[in-house]
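**Student:** Structure of the sequence below:
(2 chains)
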Amino acid sequence: MSARPARRPRRGRGSISRRVERLSPSGIRRFFDLLSTMEDVISLGVGEPDFATPWRISEAAIDGIGKGYTMYTSNRGMPELRQEVARNFSARYELDYDPDNELLITVGVSEGLDLSMRAILNPGDEVVSPEPTYVSYSPCVELAGGVFVPVPTTVENSFKVRASDIEERITGRTKAILLGYPNNPTGAVMDRDDLEEVAAVAERHNLFVISDEIYDQLVYGVEHTCFASLPGMKERTILLAGCSKAYAMTGWRVGYAAGPAEIIEAMTKIHQYTMLCAPIMSQMAAIEALRSGDSAVKEMVADYDRRRRVMVKGLNSIGLPCFEPKGAFYAFPSVRSTGLSSEEFAEGLLREERVAVVPGSAFGESGEGYVRCCYATALEDIEEALKRMGRFVKRHS
Amino acid sequence: MNREVIEILEKDAKATVKQIATMTGLSTKKVRETINEAERDRAIVKYKTIVNWERLGEERVQALVEVKVQPQKDVGFDAIAERIYRFPEADSVYLVSGGYDLAVFVVARTEHEVADFVSQKLASMDSVQGTLTHFFLKRYKEDGEVLEGEQKVQRQPLTL
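**Tutor:** Numbers count the residues shown, from 1 in each chain, chains lettered A, B, ... in the order given. A predicted model of the protein is given here:
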C-alpha cells in the first residue's frame, strides 16, 4: 500500500478543461447579477410560459407516483410515451417514426441538442446556424468539438434565414445545419418555401439538419412547417421537440428526438451512459399531455396571441420598432433609436425603470441593437412595463 | 359575432374596448359594435363581480336545495321553476337529471333565512313533493376562481 499523501488538486488556470474554459461565459451574467439584487422588477426576461402545467397533466404524474412509478424507464423512454410521440408527429405532420428505433425521449430539447451534436460531430466539423440564435447552440457545438458558424439574419427579412446565406458559409468541413424555428429570441417563423430552399442546400451538400422545433405549436395565424416533413428530409434530419413550451411543462424536462435509426441509436448510446433516462414521473405527465393536452394548448395559444398583439403594438407606439413575430412568445424590438447598445439599454432600463429585458447581444452579434421581451407575462405587467419603457425611451432619445 | 371579444370579456369584464381591440387586432368600432350587439341579444347577460365576503368579515349562507316536484300537464317543470326562481332568495335554479328535479341555490345572511325560505315557501308549494337542503360549509372555487390559498409561483426572473 502506498503511504504517499494524496496530491492536492491543482487550482487556478489550467485546472479546467480548455474546451470549457474557451466557452464564452454567458454575455449577460453581470446583468443577471444586477437583476438578482433588485426588487419590484417587472421581468420580460423570462423564457417560459406563465401558466402552470394543466392540472390533468400534473395529476397524471401524481397518480403515477402513487402507484409506484418511481423507477428507471427504458433508456429510450417509456414505450407508451414513444408511441404517443409517434402518433403525434403522424397526426400533425404526416410524418411516421418507428417508436422502437427512430425516437428517443430526452431530458428536454437541451439534452437532445447536446446528444445530436455529440452523435454526429468529429473534431473541427462545422455547424452552420442562423443568428440571432438560442444561447445553447454554439456552446453545444463547441463542447462536442465542432465549430459554430453563425449566419446573420436581419429584420428586413423578418429574421428568416436565406438559403443562399447558408450556402455561402458551407466549406469542406460543414457537417450540419442547425435550425431553430419558431425562433428564440426573434419570434420568426420560416415559411414552407423558405425551408424548401434550405432543404435543397442540405441535399446538395449532403448535410445533416438538426431542427429544434420546441415552439412548433406556438404560432399565430400561420402554419408551422416541420422540416423533417419536407420531401427527402426525414432521412437527414434530427427533429427535436418536446413538452416544455406548448404544454407549459418547462420544469418537467421532457423532450424527444426523432431521426434515422442509426443516428437515434448513436444518441441513445450517449444518453444511456450519461443520463440513463428521463424522469419517469415526467414521462407519465408527458403521456397525458400528448393524449389530452390539445385543448389546453389551444387556449394558451389564443391567450399568448392577444398578449403578443398588445406587446408589439405597444413597443411600436413607444418608439421601439418591432417586426411582427409569428411564433414562440418573444418580441424583438430594435433599440437603436436610443443610441444605446442593447446591453446599455437593458441595464439602464433595469436601473431606471425596473423592467428586465434580455439584451439581444446575448444571442450573438446580429442580435446587437435589439432586446428580447417575453409576452408570456400577465397583461397588466406588459402594460405597466410598456409605460415604463416608454418613459425610458423618451428620456434617452 | 366575434367570439373572441366575448371570450375576453367572459374572463375579464373590466377589459376596455381599446384593450380588446389591441388584443384581437379589430378596430375599436368593431369591438364596440360586437359588445353592443351581444348585450342587446342578451348573449352578454350581465357584468358582475366575484366577491369573497368572508374577506370582509361578512357572513353569507349558501345552500343547495334539491327539490322534487310533480310536473304539471302541458307546462312540465317550467311553471313551477318560474314560481321558484321569482324569489330573490333563489340565486340559481336548474332543472337536473337524477334523483330530484330542480336544483335551487339559495344565498342568504343567516341559516334561519334559508330554513324559512325552504319550509315556508318551497316545501309548501302544491307540486313540491319534497326538499333536501345542503348547507355549504366551505367555498373552495367559484365560477372558475379559486377563492383561498392560491399563490402565484415565481418564475426565475431571467431565463434564456
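**Student:** So residue A:371, which state does it fall into?
**Tutor:** Judged by DSSP: H, G, I helix; E, B strand; the rest coil, the three-state class of residue A:371 is strand.
**Student:** so what's residue A:257 closest to, chain neighbours aside?
**Tutor:** residue A:112 (4.2 Å; CB to CB, 6 or more residues apart in numbering or on different chains). All C-beta spots, glycine's among them, are computed from the backbone N, C-alpha and C.
**Student:** did I read that right, the one you found in a helix?
**Tutor:** Yes - counting by three-state DSSP, residue A:112 falls inside a helix.
**Student:** gap between residue A:86 and residue A:243?
**Tutor:** Residue A:86 sits 15 Å away from residue A:243, going by CB to CB, to the nearest Å.
**Student:** Comparing those two, which residue is more hemmed in?
**Tutor:** Higher neighbour count among residue A:86 and residue A:243: residue A:243, with 27 against 21, using other CB atoms under 10 Å in any protein chain shown.
**Student:** Now that one: closest residue in space, sequence neighbours ignored.
**Tutor:** Nearest to residue A:243 is residue A:249, by CB to CB, 6+ apart, at 4.3 Å.
**Student:** what's the answer for residue B:24, then?
**Tutor:** residue B:4 (5.2 Å).
**Student:** What count of nearby residues applies to the residue of chain B found nearest chain A?
**Tutor:** Among all residues of chain B, residue B:23 sits closest to chain A, at 3.6 Å; criterion: CB to the nearest CB. Each residue near residue B:23 was counted by other CB under 10 Å, and the total is 23.
**Student:** For chain B, what lies in contact range of chain A?
**Tutor:** B:4, B:7-8, B:19, B:22-25, B:153, B:155-160 (CB under 8 Å from any CB of the partner chain).
**Student:** Show me how to select, in PyMOL, the buried members of those residues.
**Tutor:** Only the buried entries of the residues of chain B next to chain A go into this PyMOL selection, using 16 or more other CB atoms under 10 Å in any protein chain shown:
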select buried, chain B and resi 4+8+19+22+23+24+155+157+158+160
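**Student:** From the chain's centroid, how far away is the helix or strand in which residue A:211 is found?
**Tutor:** Taking DSSP states H and E as the definition, residue A:211 sits inside strand A:208-212. Taking the mean of its C-alpha atoms, strand A:208-212 sits 13 Å from the chain's own mean (CA atoms, centre = their mean, to the nearest Å).
**Student:** So is that strand next to chain B?
**Tutor:** No - Strand A:208-212 stays clear of chain B (CB under 8 Å from any CB), getting no nearer than 13.8 Å.
**Student:** for the one residue in the stretch 251-397 of chain A that gets nearest to chain B, what are its contacts?
**Tutor:** Per CB to the nearest CB, residue A:306 is where the stretch 251-397 of chain A lies closest to chain B, at 3.6 Å. Residue A:306 is in contact with A:379, B:8, B:23-24, counting by CB atoms under 8 Å, 6 or more residues apart in numbering or on different chains.
**Student:** Widest-spaced pair of these?
**Tutor:** Taking every pair in these and measuring CB to CB, the maximum separation is 13.1 Å, between A:379 and B:24.
**Student:** Could I get the full set of strands for chain B?
**Tutor:** B:61-69, B:90-95, B:102-108, B:128-135, B:141-142, B:145-146 (DSSP state E).
**Student:** buried ones in the longest one?
**Tutor:** Looking back up the chat, that one is strand B:61-69. B:61-63, B:65-67, B:69.
**Student:** quick one: what helix or strand has the residue of the stretch 251-397 of chain A closest to chain B in it?
**Tutor:** Going by DSSP H and E, residue A:306 is in helix A:294-317.
**Student:** Also residue A:31?
**Tutor:** Residue A:31 belongs to helix A:29-36, assigned by DSSP H and E.
**Student:** what packs against the helix or strand following that helix?
**Tutor:** Where DSSP H and E defines the elements, the next helix or strand beyond helix A:29-36 is strand A:42-43. Packed against strand A:42-43 by the contact rule (3 or more CB pairs under 8 Å, 6 or more residues apart in numbering or on different chains; DSSP states H and E) you find strand A:355-356, helix A:379-395.
**Student:** just these: most buried one?
**Tutor:** Highest mean neighbour count among those (mean count of other CB atoms under 10 Å in any protein chain shown): strand A:355-356, with a mean of 24.
**Student:** Give me every residue in the stretch 1-150 of chain A lying close to chain B.
**Tutor:** So the stretch 1-150 of chain A meets chain B at A:26, A:28, A:31-32, A:35-36, A:41, A:43, A:45-48, A:50, A:52, A:134-136 (CB under 8 Å from any CB).
**Student:** Buried only: go through these for me.
**Tutor:** A:28, A:31-32, A:35, A:41, A:43, A:45-48, A:50, A:134-136.
**Student:** what's the most distant pair in those?
**Tutor:** A:41 and A:136 (24.6 Å).
**Student:** what are the ranges of the strands in the stretch 151-300 of chain A?
**Tutor:** A:174-179, A:208-212, A:237-242, A:255-258 (DSSP state E, counting those that start in this stretch).
**Student:** what would those strands look like in JSON lines with mean pLDDT and mean neighbour count?
**Tutor:** Rendered in JSON lines, the data for the strands of the stretch 151-300 of chain A read as follows (pLDDT from 0 to 100; neighbours: other CB atoms under 10 Å in any protein chain shown):
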{"stretch": "strand A:174-179", "mean pLDDT": "98", "mean neighbour count": "24"}
{"stretch": "strand A:208-212", "mean pLDDT": "98", "mean neighbour count": "26"}
{"stretch": "strand A:237-242", "mean pLDDT": "98", "mean neighbour count": "28"}
{"stretch": "strand A:255-258", "mean pLDDT": "98", "mean neighbour count": "28"}
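**Student:** Tell me which of these approaches residue B:108 most closely.
**Tutor:** strand A:237-242 (51.9 Å).
**Student:** What pairs with that closest one, parallel or antiparallel?
**Tutor:** strand A:208-212 (parallel), strand A:255-258 (antiparallel) (DSSP bridges).
**Student:** Those into TSV, with extra columns for distance to residue A:190?
**Tutor:** Shown next, in TSV, are these (distance: least, CB to CB, whole Å):
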stretch	distance to residue A:190
strand A:208-212	10
strand A:255-258	19
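**Student:** and for stretch A:194-201, what are the contacting residues?
**Tutor:** A:160-164, A:166-167, A:170, A:177, A:179, A:190, A:207, A:209, A:225, A:227, A:230-233.
**Student:** Using PDB, write out the CA atom coordinates for it.
**Tutor:** Only the C-alpha atoms of stretch A:194-201 are listed here, as PDB (Å, rounded to 0.1, in the frame of the first residue of the first chain):
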ATOM      1  CA  ASP A 194     -38.000  29.200 -47.300                       C
ATOM      2  CA  LEU A 195     -37.500  25.800 -45.700                       C
ATOM      3  CA  GLU A 196     -37.600  24.100 -49.000                       C
ATOM      4  CA  GLU A 197     -34.700  26.200 -50.200                       C
ATOM      5  CA  VAL A 198     -32.700  25.200 -47.100                       C
ATOM      6  CA  ALA A 199     -33.600  21.600 -47.800                       C
ATOM      7  CA  ALA A 200     -32.200  21.900 -51.300                       C
ATOM      8  CA  VAL A 201     -28.900  23.200 -49.800                       C
END
